[in-house]
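In: Attaching a predicted model along with its sequence, questions to come.
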Amino acid sequence: MTKQIKSGQEILDEFFSQITNIEGVDQDVAETVLKLYKEDKLTNINLSNELGKIRENKKNES
Amino acid sequence: MKVKSLGISGFRGISKDISIDFDPSKSVLIYGDNGSGKSSIADAFEWFYYDKIEHLSSEEIGVKGISALRNIFLPDDSDAYVELKYSDSKCDSRKKLFYKKSKLISEHSNTSQNLKDYLNASLKERLILRYKDLLRLILSTKAQKLEEFSQIIGFAEVTKIKGIFKKAVNDLKTELKIKNYDNHINIKQAQIIEQIGQNIIADEQYLIAIKELVSPLNLPVEVKDNSSIDTILELLKKPEDKEAITQQLSYGKVIENLNNFKIYLNNICSSYKAFYEKCQQIAKDQDKLKKISLEPLLSQGLSILEKRLYEDDKCPLCLQGKSREELIDELRKRLEELSVVKKEKDAALDEKNTTYRFAQVALTEIENALKERCLVLEDNAVLRKEIEQVKGLISTALEKIKKASLSELELINKPEDFISLDTTALDNSISALKSKKEKIITGKKDDLTFTVYSKIFSVRGYYNEIKSLKKASEILTQQQQSMELIYNEFVKKQREGLCSFLESISTDINDLYLFMNDSENVSEIELIPLDEDDEFVGITLQFKFHGKPESPPHKYLSESHLNCLGICLFLASVKAFNKLNRFIVLDDVISSFDTNHRARFARLLVERFSDYQIFLFTHEKDWFEIVSNMIKGKNWLIKRIYWDHENGATIEPPPFTLKEEIESKLKKSDTTGLGNSIRVYLEHLLKEICHDLKVKVEFRFNEHNEYRMSHELLSELKSKLKDRKCELKDHAVFDRLNSSMFLGNRTSHDSSFTESIDDLKIFYSDVQKLEKIFRCSQCGNLISKKHYDNVADKVRCSCGGLQYTWGK
């Protein structure tokens, strides 16, 4: 009998549901990646831009 | 979801309407000769679901094969359509294909979201298998298998996101490399040391250093924080010092820019050297270089062959004789070889891009330096000119690296010729600038206030910049590390997912294959993922052959076994992934199977896929007979499709068994092949009777045992009946059959004898009489030794309605 196989989508949903729990990961980065995924905007350019914004915000905080 | 009815009109080989009602709980066996329209039904399914027909999609026919979809006899103003009705009627739809302003348009009658969602979800499921697709996956390269399976299980998105994460990690690493924070910090620290003779690495040290600077002035402000330092600077500031301060700062900036430039220059040289060396490695193998330029041609050739646009057993370019399969195999291997070289090429291009980025940043430093006001001064005209020359050189280098191409390796400069910059001259320029800066300070060396102000101002600036750089470095490093953690976790998830899927489907493939091929020397079929540097690069099909692990399957397996494997792969995928649809279409998939495997395949479908609605098409008469027998009394419909000039493709109610074929021909007085059919029928009947009554015949080896002429069987049967003192022994039918069998034999062979329909009617009548005396009219079974009554010494049928003496 075939075991329950996870489709690619299920694997992705499962991964992203737990991304903020990955040990040692910066929460801003994890939340940004999650947000982009949920909005179906996770692309090289968008991620690069958002990471750049995070860096700017953190620099300005200090 | 199962299919309730199918309607096709004007589509492919089907000119007039055909409509088939199904019971969604039943599967369908459709028999039809080649060209009768069976594959048009499979095409109809494919177009309905995928909006294209793969085997028709070509450059000549057009994308999606659309220009070949409408039946050639269909008037332009008529619609071609495929209509499907389902167990869930919300998805019922008629898909039309019609001309609108000379353009072919397809349109569903059902525009609901239900249908859209259903069709979308169905794209991920395996619904149709054709003979030509059987070997495609088996013979594909490891990379192609990975791509195909990734698509099947929806891994394309997973792979895409992995690519995004990997790029993000690499981009952040490159950014760190380019920013070179450590070097910038070192330069600033050197400048601090220059000012106050010591380094500062912490806030406390900074405050102490400022205190020490300020102490000779005995100011009323205590140095305790940045705000107090700002206050001190305000106190010490003198308008007449402004120009000197500004100039000093300006010189400081230019010195900093040039020092930064020196660091970038080193980076440019080392990354360019790496680029050059990689290019030389590629250039060493001239063959590989040429192969890289051949890659588009090989890819196109493979595509043409796979799509069967060229089917001759010849190379389409040189027309040299070669089997299509061999050519495909060879092309796939060559393209896979090229992928290795492509990696080398990509690595070289990475170095080129890094060099380019360093050159850009270096140029920016020089341009920033040239913007400084100190270089505008007349006194510094020579210095400015020297720096402008440096700008010219770096701009030229930037252009060179931009134009460097792997297709013209001979034009790529050697590292020593890439950028001919005299670093000594640069150092001299920096020294000159330092002297000029020093002169300003020296000129005011007696002005303690100026000196203190200048030092504090500079140290504050440098220290704040160091802190800013450290912060930026920390942020960027943390981001890079975070992305790396995310990437690693993702790779783990991907690996788990893919391995779990491969393990599960391997179990099913193995199980199905062994069902059809038990007691053969193949076992433990597995799909194994292959990876390189955290990347999945392919999937290989491994199996044990005579106990030894082997790969790939076509190394040792025959075409028939490979096709069998292809079917198992498809069916295992159906089991794994078809969550929405519970029907599949199998279009003439057993052409290369031998009898034994055909029977097993039929059994597999009937036993293991009984909960699926199967549309099974075949043109193979023998296999049709096998399956028909197997599915009697089970949830299957049997249909026949045939084609004639007048009506095109037509679906007929239950098609012929041999008996029905004979009776139909007798009815129509059609003698074509009738004698042979009756003879075959008689042989089959006699074998059954002899089997059930355990009539002994002469021993023969292997399959020769199957080949028994009717007269032999009849003779031995009579002997047996005589031996058992059965009342049938003297029945007149045996003599009658002997004479009418003669007729049957004459018509079966090449002879000038022309049978009449009456002769054949007599022959068949005698066969029927023979059957009548052995087969019970109530239960339909033959008399058999299984039902021997050893008390009454009688042999009978299963219900006892027919019985005869069977002495010891």
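Out: Cool, the structure landed.

In: use CA for all of it now, contacts and neighbours both
Out: OK.

In: in stretch B:425-436, what counts as buried?
Out: B:L426, B:S429, B:I430, B:L433, B:K434, B:K436 (16 or more other C-alpha atoms under 10 Å in any protein chain shown).

In: Please, which helix or strand holds the fourth one?
Out: What it means is B:L433. Taking DSSP states H and E as the criterion, B:L433 maps to helix B:423-443.

In: How many residues are close by B:G10?
Out: Neighbour count of B:G10, defined by other C-alpha atoms under 10 Å in any protein chain shown: 25.

In: show me what contacts it?
Out: B:G10 sits next to B:K16, B:D17, B:R70, B:N71, B:F73, B:L74, B:D79, B:A80, B:Y81 when contact means C-alpha atoms under 8 Å, 6 or more residues apart in numbering or on different chains.

In: again, but for B:V452
Out: So, once contact is read as C-alpha under 8 Å, 6+ apart, B:V452 ends up touching B:L213, B:V214.

In: mind running it again at 10 Å?
Out: B:I210, B:E212, B:L213, B:V214, B:S215, B:P216, B:L217, B:L233, B:L236, B:K445, B:S458 (C-alpha atoms under 10 Å, 6 or more residues apart in numbering or on different chains).

In: secondary structure element for the last one?
Out: What it means is B:S458. Using DSSP H and E, B:S458 falls within helix B:448-516.

In: what's the answer for the second one, then?
Out: Using DSSP H and E, B:E212 maps to helix B:203-214.

In: still on that earlier bit, give me the lowest-pLDDT entry from the contacts of B:V452.
Out: Here the lowest pLDDT out of those sits on B:K445, with 77.

In: Mind listing what's buried along stretch A:37-46?
Out: Of all the residues in stretch A:37-46, those buried under the rule 16+ other C-alpha under 10 Å are A:Y37, A:L42, A:T43, A:N44.

In: Low-confidence bits of chain A, can you list those?
Out: By pLDDT under 70, the low-scoring segments of chain A are A:1-4, A:62.

In: 50 instead, please
Out: For chain A, the stretches flagged by pLDDT under 50 are A:1-2.

In: same thing with chain B?
Out: B:655, B:743, B:747-748.

In: check the buried residues of stretch A:37-46 against chain B, which are close?
Out: Residues of the buried residues of stretch A:37-46 in contact with chain B (C-alpha under 10 Å from any C-alpha of the partner chain): A:Y37, A:L42, A:T43, A:N44.

In: Pretty sure the last one sits against B:I161.
Out: Yes. The pair A:N44 / B:I161 is scored as a contact, 9.1 Å apart, by C-alpha atoms under 10 Å.

In: Could you name every residue contacting both of the two?
Out: Each of B:K167 lies in contact with both A:N44 and B:I161 under the rule C-alpha under 10 Å, 6+ apart.

In: picking up where we left off before, looking at the buried residues of stretch A:37-46, which one is closest to B:L770?
Out: A:Y37 (76.3 Å; C-alpha to C-alpha).

In: got the CA coordinates for the helix or strand harbouring the closest one in CSV?
Out: Taking DSSP H and E as the criterion, A:Y37 maps to helix A:27-38. The C-alpha trace of helix A:27-38 is given here as CSV (Å, rounded to 0.1, in the frame of the first residue of the first chain):
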residue,chain,number,x,y,z
GLN,A,27,13.4,36.6,13.2
ASP,A,28,13.2,39.6,10.8
VAL,A,29,14.7,37.5,8.0
ALA,A,30,12.4,34.5,8.7
GLU,A,31,9.3,36.6,8.9
THR,A,32,10.2,38.5,5.7
VAL,A,33,10.7,35.2,3.8
LEU,A,34,7.5,33.8,5.2
LYS,A,35,5.6,37.0,4.2
LEU,A,36,6.9,36.9,0.7
TYR,A,37,6.0,33.2,0.4
LYS,A,38,2.5,33.8,1.6
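
In: Quick one: list the elements packing against it.
Out: If you count contacts as 3 or more C-alpha pairs under 10 Å, 6 or more residues apart in numbering or on different chains; DSSP states H and E, helix A:27-38 packs onto helix A:8-17, helix A:44-61, helix B:448-516.

In: Listing partners with orientation, what would you give for the very next helix or strand once past the longest one?
Out: Yep, that's helix B:448-516 we're talking about. Counting by DSSP H and E, the next helix or strand C-terminal to helix B:448-516 is strand B:522-532. Its sheet considered, strand B:522-532 pairs with strand B:535-545 (antiparallel) by DSSP bridges.

In: Other residues contacting the next helix or strand after the strand it pairs with?
Out: Per DSSP H and E, the first helix or strand lying C-terminal to strand B:535-545 is strand B:548-550. For strand B:548-550, the surrounding residues in contact (C-alpha under 10 Å, 6+ apart) are B:N521, B:V522, B:S523, B:E524, B:I525, B:L541, B:Q542, B:F543, B:K544, B:Y556.

In: would you list the helices and strands packed on helix A:27-38 in TSV and tack on distance to B:K668?
Out: Below are those laid out as TSV (distance: least, C-alpha to C-alpha, whole Å):
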stretch	distance to B:K668
helix A:8-17	59
helix A:44-61	73
helix B:448-516	41
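
In: winner for burial among these?
Out: By mean neighbour count, with neighbours taken as mean count of other C-alpha atoms under 10 Å in any protein chain shown, helix B:448-516 ranks first of those at a mean of 20.

In: Which stretches in the stretch 651-800 of chain B count as helices?
Out: All helices of the stretch 651-800 of chain B, identified by DSSP state H, counting those that start in this stretch, fall at B:658-668, B:674-692, B:710-723, B:732-748, B:757-774.

In: Packing partners of the second one?
Out: Contacts defined by 3+ C-alpha pairs under 10 Å, 6+ apart place helix B:674-692 against helix B:658-668, helix B:710-723, helix B:732-748, helix B:757-774, strand B:784-789.

In: Geometric centre of the chain: which residue is closest?
Out: Let's take chain A. Centroid-nearest residue in chain A, with C-alpha atoms, centre = their mean: A:V33, separated by 2.5 Å.

In: let's do chain B instead
Out: B:E148 (1.6 Å).

In: Okay, that residue and B:R126: tell me how far apart.
Out: Relative to B:R126, B:E148 is positioned 12 Å away (C-alpha to C-alpha, to the nearest Å).

In: do B:S109 as well
Out: Computed as C-alpha to C-alpha, the B:S109 to B:R126 distance reads 24 Å.

In: before we move on, what about A:F16?
Out: 28 Å.

In: Repeat that for B:K694.
Out: 47 Å.

In: for B:F149, same thing?
Out: 11 Å.

In: Going along the chain, name the strands of the stretch 551-700 of chain B.
Out: B:583-587, B:613-618, B:636-644, B:648-652 (DSSP state E, counting those that start in this stretch).

In: ok, the last one: who's next to it in the sheet?
Out: If you go by DSSP bridges, strand B:648-652 pairs up with strand B:636-644 (antiparallel).

In: Can you list the buried residues in the partner strand?
Out: By neighbour count with 16+ other C-alpha under 10 Å, strand B:636-644 contains the buried residues B:W636, B:L637, B:I638, B:K639, B:R640, B:I641, B:Y642, B:W643.

In: Reformat the residues you listed as JSON lines; add distance to B:E243.
Out: Formatted as JSON lines, those follow (distance: C-alpha to C-alpha, whole Å):
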{"residue": "B:W636", "distance to B:E243": "100"}
{"residue": "B:L637", "distance to B:E243": "101"}
{"residue": "B:I638", "distance to B:E243": "102"}
{"residue": "B:K639", "distance to B:E243": "102"}
{"residue": "B:R640", "distance to B:E243": "102"}
{"residue": "B:I641", "distance to B:E243": "100"}
{"residue": "B:Y642", "distance to B:E243": "102"}
{"residue": "B:W643", "distance to B:E243": "101"}
